[in-house]
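In: structure, please.
(4 chains)
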There are 2 protein chains.
Amino acid sequence: MKKEEKNLYDAKAKIFKALGHPTRLWITEKLAQGECCVCNLVEPLAADFSTVSKHLSVLKEAGIVEDEKRGKQVYYSLKVPCLMGFMSCVEDVIENRIREHMDLFSSRKIV
Amino acid sequence: MKKEEKNLYDAKAKIFKALGHPTRLWITEKLAQGECCVCNLVEPLAADFSTVSKHLSVLKEAGIVEDEKRGKQVYYSLKVPCLMGFMSCVEDVIENRIREHMDLFSSRKIV
DNA sequence: TGGCTGTTTGGTTATATTGCCAAATATAAC
DNA sequence: GTTATATTTGGCAATATAACCAAACAGCCA
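Out: Below you'll find the predicted structure:
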């Protein structure tokens, strides 16, 4: 990997990494349904305000979401809806994994 | 987030997390072009054999790649090609980010 | 101004990840 | 069997992440 190529992969990986946390993934999907202020994310996540805020800043830093202050509240929204098109593929991966585990389990029974 | 929902997001996040490392992302894209043995990945990555092997096991554990031993070598291949359809979206995110940085830069000049 | 609400930032601690080295394992060749 | 090659595993040190608490900040209202 050359230096330039390395930079590109660093940049791409950063986006995946940002999505690679259950809380951030949840937030991202939530925002796919429409903008939301921090205060409305805190409760369903049952996490500290500061924790949610930090997760949001990771997503923002990655270019996935954007924020807009309105009054006392900050509204976050999904900047790149195309990300969501990927979810069915991710779910396929999970289904495969489950299926394989089941195969493993049933073949054990047979043996 | 309920417990079940949490499990689903953990599972999904695991896949993103696996892709969230430049080396693993590079490997994934490489394997999208066709199967490859570990020995042929080590050189272009300029990393230790054991390092590459560990990255591959993360990808395998996530259900993204699969391996097949043939002789002395282990061949890895991409299990879910649909992942690659996502890359153009990821590149869009990066382009946006670059564009915004440039805007920031040029607006500074004006001010 | 002072206080209240929503949000971010800083600090700390616990935990996870990464990358290298050395050692273990597996398969092929001699 | 011994040796050589390909790969995985275990261990360790450096670094990065995550979550919470407390403190700072920003905007509104009395």
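
In: how is chain A divided into domains?
Out: As given by automatic domain parsing, the domain ranges for chain A are A:3-79, A:81-111.

In: of all the ones you listed, which lies closest to DNA strand C?
Out: Of all the domains of chain A, domain A:3-79 sits nearest to DNA strand C, with 2.9 Å by Cβ to the nearest atom of the strand. The C-beta positions use only the backbone N, C-alpha and C, and glycine is treated the same way.

In: would that closest one count as contacting DNA strand D?
Out: Yes - under the criterion of Cβ under 7 Å from any atom of the strand, DNA strand D is reached by domain A:3-79 at A:17, A:21, A:23, A:47-48, A:50-51, A:54-55, A:58, A:69, A:71-72.

In: of the domains of chain A, which stretch is the most buried?
Out: The highest mean neighbour count among the domains of chain A, using mean count of other Cβ atoms under 10 Å in any protein chain shown, belongs to domain A:3-79: a mean of 17.

In: which residues of chain A fall in strands?
Out: Taking DSSP state E as the criterion, chain A contains strands spanning A:36-37, A:65-70, A:73-78.

In: so how far is the longest helix anywhere in chain A off the chain centroid?
Out: Taking DSSP state H as the assignment, the helix of chain A that covers the most residues is helix A:87-110. A distance of 22 Å separates the centroid of the chain from that of helix A:87-110, by Cα atoms, centre = their mean, to the nearest Å.

In: the domains of chain A: lowest mean pLDDT?
Out: Out of the domains of chain A, domain A:81-111 stands lowest, with a mean of 80 (criterion: mean pLDDT).

In: that one and chain B, are they touching?
Out: Yes - contact check for domain A:81-111 against chain B, using Cβ under 8 Å from any Cβ of the partner chain: residues in range are A:82-83, A:85-94, A:96-97, A:100.

In: out of those residues, flag the one nearest to residue B:64.
Out: Proximity of the residues of domain A:81-111 next to chain B to residue B:64 (Cβ to Cβ) peaks at residue A:93, which lies at 6.7 Å.

In: for the residue nearest to the closest one when sequence neighbours are not counted, phi and psi?
Out: With Cβ to Cβ, 6 or more residues apart in numbering or on different chains as the criterion, residue A:93 has its nearest non-adjacent residue at 4.6 Å, and that residue is residue B:63. Its backbone dihedrals place residue B:63 at phi 80, psi 20, with angles given as degrees, to the nearest 10.

In: list the contacts for residue A:41?
Out: The contact partners of residue A:41, taken as Cβ atoms under 8 Å, 6 or more residues apart in numbering or on different chains, are A:27, A:30, A:52, A:56, A:76.
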